[in-house]
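**Q** How does the following fold in three dimensions:
(3 chains)
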Amino acid sequence: MHQFLAFVKKEFHHILRDRWTMVILLVLPILMLILFGYAISTEVKNTKIAVVDPSKDVVTNAIVEKFKVNEYFTVAAYVGDFQQVEALFNSGDIKMVLVFSENFHENLMHKGGAQIEIITDGSDPNSAKAMQGYASSIIADYQQELFNITKVPYQIKPNVRLLYNPTMKGAYNFVPGVMGMILMLICAMMTSISIAREKETGTMEILLVSPLKPVYIIFSKTIPYFILSLVNLTTILLLSVFVLKVPVAGSLFALITISLVYIFVALSLGLLISSIVSTQQIALLISGMVLMLPIIMLSGMMFPVENMPVILQWFSEIIPTKWYIIAVKKIMIKGLGFAAIYKEMAVLAGMGILLTIVSLKKFKFRLE
Amino acid sequence: MTKEKIIIAEHLTKNFGHFTAVDDISFEVERGEIFGFLGANGAGKTTAMRILCGLSNPTSGKAMVAGYDVATKPEFVKKNIGYMSQKFALYEDLQVWENIRLYAGIYGMKDKDIAVKTEELLLKLGLANERNTLVEALPLGWKQKLAFSVAIFHEPAIVFLDEPTGGVDPVTRRTFWEMIYEAADRGITVFVTTHYMDEAEYCNRVSIMVDGRIDALDTPENLKRNYQAKNMQEVFYHLAGKSTRKAD
Amino acid sequence: MLKFLIEKEFRQIRRNKFLPRMVIGMPIFALLLFPLVANFSIKNINLTVVDNSHTPYSQRLIHKVAASGYFRLVNVAADYEAALYDVEQDISDIILEIPPRFEENLVNEQSADVLIAANSVNGMKGGLSSMYLSGIVQDFSNEVREEWVQTGTALKAPSMEIVPMYRFNPFLEYKYTMVPAIMMMMLAMITGFLPALNIVNEKEKGTIEQLNVTPVGKFQLIISKLTPYWLIGFIVLTISFIVAWVFYGMVSVGGYATIYLFSAVFVLAFSGFGLVISNYASSIQQAMFMMFFFVITFIFLSGLYTPVSSMPGWTQIISRISPLRYMVEVLRSVFLKGSTFFELKWHFMALCSFALFFNAWAVVSYRKRT
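**A** Next comes the predicted model:
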């Protein structure tokens, strides 16, 4: 035991000595959280729009007024004709144009045929749809007001309740993903590089001739990264709760438990990688390409899995991060507890055990 | 007739924070000399040599190499020196001739001259068949000889060698020193650090650094006489035994 | 002297088993895979219905929703609790609850309410899906009214028609926005990471010291390190264009010359930045992490995935320091909208300043002497 602790201490020294990497490892999650939490928002705000209004009557003015007041839009220009609109679109100054048909009020109330064209810059479909959606709902609001004023009979009114995240904060969706990624980065990538470094510089052999069993030597290498990831987990949770205002709505205990299981899986992945590589560069490349890239793409942290082709959806099933993210969302944002995440817990635990067994086998084979 | 002083060091000192690596050393080296810069690991040899090469700034003191002040005109110094480090520092992923061409070109030789001299050198070293071999495939002894040859390819005034024979068998070390003699005969001054004491015997003069200071500087014969030693090894034990600094 | 240094750099790259394959493989891989993955459209929304009314009209509403194409009816739950369980377990994304006296209320009191509860963990998805569902309910409301209110020529309700149209990308295909974004990302990553690793590699091997002891000037060294990656940038870009054309049928509306011109400056800037990092890093690991840190930041702040205009004010200001931001705008403008050089001249100025700044920094921060 005493020897084991000595090895663990040595590992800590290695890490603490490489100040830059440490700093980055501790600051990276903070940076990512702030980036994802504040900067990146799939909400589309401050859309500059232009208005083409041949009618200029009570109704059209009222509608435009609603747009002016709304925080998602800025009415940047009143344009007489369509030619000018082209130029504005091309230079990227405006992203949307409202075109009212003529004699709007009259047509609306009496004849029918009142039309609003909403022309949106479709270069970015995400924003385009969002902008369309907002614009439509503003107009629908106005429509509803009109109905109320004119006392339209037989209305079916939908009451909308947005569950778990009524203010539609983007951070709610991203924070679990960032957690999954950072923990994997530290535990898998760093562990594998550290062990590979020892192999590369030949010091691994020196370790192996020590009286401590090889298995314990390997484990001693994972301990510091385990601690580091706990520190990061704490930092991320504190930041989420207090700065980004993403609460832990459910059981904190469940959250910590599943995180520990996930860390276990990540560490065993790191071990597996290091058992098959011989240099740092390769460890880095494999962790980067084979691990991190698929995780970023297929785990659901950035791109919705349900929209992917079926083959990729199957692929995503074997990515541990995907299960972790689902569990974290259930606990943090939906406010659930242990009972709800038994499936994810089981899958992750199974993965961890399997990976550990495989990597230990590989290590034994290599070392003997 | 006094020979030209190719290296003049005056009260050279280098501090790293509170640690004094090189402690007020002063010495001179003549053109054409083979000057051995001895000392235990951690005594400060490499640090001192790096200052002379313009790789490191002295904290105080002055050094003139090939007529230029290392602190104020390091780039001029570099034009006139060659260097071979402990790691040999040839590009492992380049072929033999490509390495020669690169360094020759850097020191300003013309394409035609490079081509001609390269063939000569390869023949002389017995590497004519290895022209297109990647350096990483060469055995250690050959790498070493090649590195030295590249370092003096442009016929510099001085060549600095930092522990050039590390990890190589005695026979190879002997042949390497033959190359050094040859270079010295051509007028190239050789400034070599080593902790192999038998190599000290091959030098014209030798200095011994202990804890950052130069504790002895003379010909091997004189040193052996002064310290009543049979060989340089004993001289070294006598001096370095007093050292208080451990190598890191 | 420069000639020999540049020769050496190219020779080393050619010898490298990994590099050439990566330069060609990565853009192809990314361009093929990312658009498959990066699809944010809201479709196939899973719906659980709670029908406490069990009347023909509630049935009609449910059918209408199910037939709309947006929603997939996955479950009919007994009550709201059961429906909520579906949402908790991600079996469905949205709930439609029809109250018990739905038809009676509509007939007697002339209005009835339904409840829409949407999973908003993904705020955008929750918002949009509830909007779609509301829209369908309101449509249904209008249908019912038309049936029940028999009036002559007078309009039953003032209604306007909303006609959505999309400029530049009429069918809202994701590839138009994704492909340029991915091209830029690949260009940035390859021309940023590789030079960074280059110098650090020489540091670790010790060959940098051999260069430092020669009369090679800092300026020449930096230029020799930049040149090959500059060329690689062109290769990456060309491969990207070919893939975009062959696999996505995308061709640049504004031609390619402008893009190459801008890219030339951009790569200079970004590689310069990579060299700066490598001057400060002492190990490959450090260099990789520092680059990763900055590249991630630049990528996300540049409007590649989310528009700059929807970022908070202070973030927008910070995004100005990302050379990627300008390049992405340039690429999208030229490729998709056919903008010309003159319309983008400020972007060019910005990129030139970056190139100057980063490369000057790289030269200054390179230490031949400690």
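**Q** Burial check on residue 102, number of neighbours?
**A** In the absence of a named chain, this looks at chain A. A:E102 has 13 neighbours, counted by other Cβ atoms under 10 Å in any protein chain shown. Backbone N, C-alpha and C define where each C-beta goes, glycine included.
**Q** Oops, wrong one, chain C.
**A** C:F102 is surrounded by 21 other residues when neighbours are defined as other Cβ under 10 Å.
**Q** any idea how far it lies from C:D51?
**A** For C:F102, the distance to C:D51 (Cβ to Cβ, to the nearest Å) stands at 9 Å.
**Q** how much space between C:E7 and B:Y83?
**A** As judged by Cβ to Cβ, C:E7 and B:Y83 stand 21 Å apart.
**Q** Between these two, tell me which one has more neighbours.
**A** For C:E7 versus B:Y83, neighbours defined as other Cβ under 10 Å are more numerous around B:Y83 (26 against 16).
**Q** nearest residue to that one other than its sequence neighbours?
**A** For B:Y83, ignoring the flanking residues on the chain, the nearest one in space by Cβ to Cβ, 6 or more residues apart in numbering or on different chains is C:V213 at 4.2 Å.
**Q** Do I have it right that the one you found meets B:L55?
**A** Yes - the pair C:V213 and B:L55 qualifies as a contact (Cβ atoms under 8 Å) at a distance of 6.0 Å.
**Q** what about C:E147, neighbour count?
**A** When neighbours are defined as other Cβ under 10 Å, C:E147 has 9 of them.
**Q** got the buried residues for stretch A:66-81?
**A** A:67, A:70, A:72-77, A:79 (16 or more other Cβ atoms under 10 Å in any protein chain shown).
**Q** Just want the most central residue of chain B.
**A** When chain B is reduced to its mean C-alpha position, the nearest residue by Cα atoms, centre = their mean turns out to be B:L161, at 2.0 Å.
**Q** What average pLDDT does whichever strand or helix holds that residue get?
**A** In this assignment (DSSP states H and E), B:L161 forms part of strand B:158-162. Strand B:158-162 comes out with an average pLDDT of 93.
**Q** rewinding a little: among the buried residues of stretch A:66-81, which are in strands?
**A** Of the positions in those, A:73-77 sit in strands, assigned by DSSP state E.
**Q** What residues does the stretch 201-350 of chain C have near chain B?
**A** Proximity of the stretch 201-350 of chain C to chain B, by Cβ under 8 Å from any Cβ of the partner chain, involves residues C:205-207, C:209-217.
**Q** Go through those residues and name the one nearest chain A.
**A** When those are compared for distance to chain A (Cβ to the nearest Cβ), C:K205 comes out closest, at 11.9 Å.
**Q** What residues does that closest one make contact with?
**A** By Cβ atoms under 8 Å, 6 or more residues apart in numbering or on different chains, the contact set of C:K205 is B:87, B:89, B:92.
**Q** okay but the last one is in contact with B:L138, surely?
**A** No - with contact defined as Cβ under 8 Å, B:E92 does not count as touching B:L138 (9.2 Å).
**Q** Quick one: check whichever helix or strand B:E28 is part of for contact with chain C.
**A** Following DSSP H and E, the helix or strand that holds B:E28 is strand B:19-30. No - using Cβ under 8 Å from any Cβ, strand B:19-30 stays clear of chain C, with a minimum separation of 12.0 Å.
**Q** Parallel or antiparallel, which strands does the helix or strand just after that strand pair with?
**A** Secondary structure here is assigned by DSSP H and E; on that basis, the next helix or strand after strand B:19-30 toward the C-terminus is strand B:34-39. The partner list of strand B:34-39 in its sheet, established with DSSP bridges, is strand B:189-194 (parallel), strand B:205-210 (parallel).
**Q** so which of those strands gets nearest C:L96?
**A** The minimum distance between C:L96 and these falls on strand B:189-194, with 84.0 Å, by Cβ to Cβ.
**Q** Quick check: bridge partners of A:L98?
**A** Going by DSSP bridges, A:L98 is paired in beta bridges with A:V51, A:I118.
**Q** Read off the pLDDT value for it.
**A** 89.
**Q** tally of neighbours for it?
**A** Burial of A:L98 is recorded as 21 neighbouring residues (other Cβ under 10 Å).
**Q** does stretch B:149-159 come close to chain C?
**A** No - for stretch B:149-159, no contact with chain C is found by Cβ under 8 Å from any Cβ; the gap never falls below 8.9 Å.
**Q** State the distance from the residue of the stretch 201-350 of chain C found nearest chain A to C:A38.
**A** Using Cβ to the nearest Cβ, the point where the stretch 201-350 of chain C gets nearest to chain A is C:T315, with a distance of 4.1 Å. When Cβ to Cβ is applied, the distance between C:T315 and C:A38 equals 21 Å.
**Q** Those two - which one has more neighbours?
**A** C:A38 (21 against 18).
**Q** In contact with that one, which residues are there?
**A** Shown here is C:A38, whose contacts under the criterion Cβ under 8 Å, 6+ apart are A:302-303, C:174, C:178, C:305.
**Q** Can you show me the strands along chain B?
**A** According to DSSP E, chain B carries its strands in the segments B:5-16, B:19-30, B:34-39, B:60-65, B:68-69, B:81-84, B:158-162, B:189-194, B:205-210, B:213-218.
**Q** residues from the stretch 151-300 of chain A in reach of chain C?
**A** Near chain C, when you scan the stretch 151-300 of chain A using Cβ under 8 Å from any Cβ, you find A:152-170, A:172-173, A:193, A:280-281, A:284-285, A:288, A:297-298.
**Q** Need the pLDDT of residue 1.
**A** In the absence of a named chain, chain A is used. If you check A:M1, the pLDDT there is 73.
**Q** Can you look at chain C instead?
**A** Predicted confidence (pLDDT) for C:M1: 83.
**Q** roughly how far apart are it and C:E209?
**A** As defined by Cβ to Cβ, C:M1 lies at a distance of 18 Å from C:E209.
**Q** the more surrounded of the two?
**A** Neighbour tally, C:M1 and C:E209, criterion other Cβ under 10 Å: the higher count belongs to C:E209, 20 against 16.
**Q** for the stretch 251-370 of chain C, which spans come out with low pLDDT?
**A** Counting by pLDDT under 70, the stretch 251-370 of chain C contains low-confidence ranges at C:309-310.
**Q** Residues of it that sit close to chain A?
**A** Within reach of chain A by Cβ under 8 Å from any Cβ, the stretch 251-370 of chain C has these residues: C:281-286, C:288-290, C:292-293, C:296-297, C:300-301, C:305-307, C:309-312, C:315, C:318-319, C:329, C:332-333, C:336-339, C:343.
**Q** hmm, which of those residues are the buried ones?
**A** Of the members of these, the ones counted as buried by neighbours, 16+ other Cβ under 10 Å, are C:281, C:283-286, C:288-290, C:292-293, C:297, C:300-301, C:305-307, C:309-311, C:315, C:318-319, C:329, C:332-333, C:336-337, C:339, C:343.
**Q** Please narrow those residues to those residing in helices.
**A** When those are checked against helices using DSSP state H, the ones located there are C:284-286, C:288-290, C:292-293, C:297, C:300-301, C:315, C:318-319, C:329, C:332.
**Q** With chain A as the reference, measure out to C:V149.
**A** With distances taken as Cβ to the nearest Cβ, to the nearest Å, C:V149 is found 6 Å from chain A.
**Q** ok, back up a step: I'd like the buried residues of stretch A:66-81 laid out as CSV, including distance to C:E146 and pLDDT.
**A** Listed next are the buried residues of stretch A:66-81 as CSV, based on distance: Cβ to Cβ, whole Å; pLDDT from 0 to 100:
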residue, distance to C:E146, pLDDT
A:F67, 29, 89
A:N70, 31, 85
A:Y72, 32, 83
A:F73, 32, 87
A:T74, 37, 86
A:V75, 34, 87
A:A76, 38, 83
A:A77, 38, 81
A:V79, 36, 80
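**Q** List the contacts of residue 28.
**A** All of this is about chain A. In this structure, A:L28 makes contact with A:182, A:185, C:289, C:292-293, judged by Cβ under 8 Å, 6+ apart.
**Q** Wait, chain B was what I had in mind.
**A** For B:E28, the contact set (Cβ under 8 Å, 6+ apart) comprises B:5, B:7-9.
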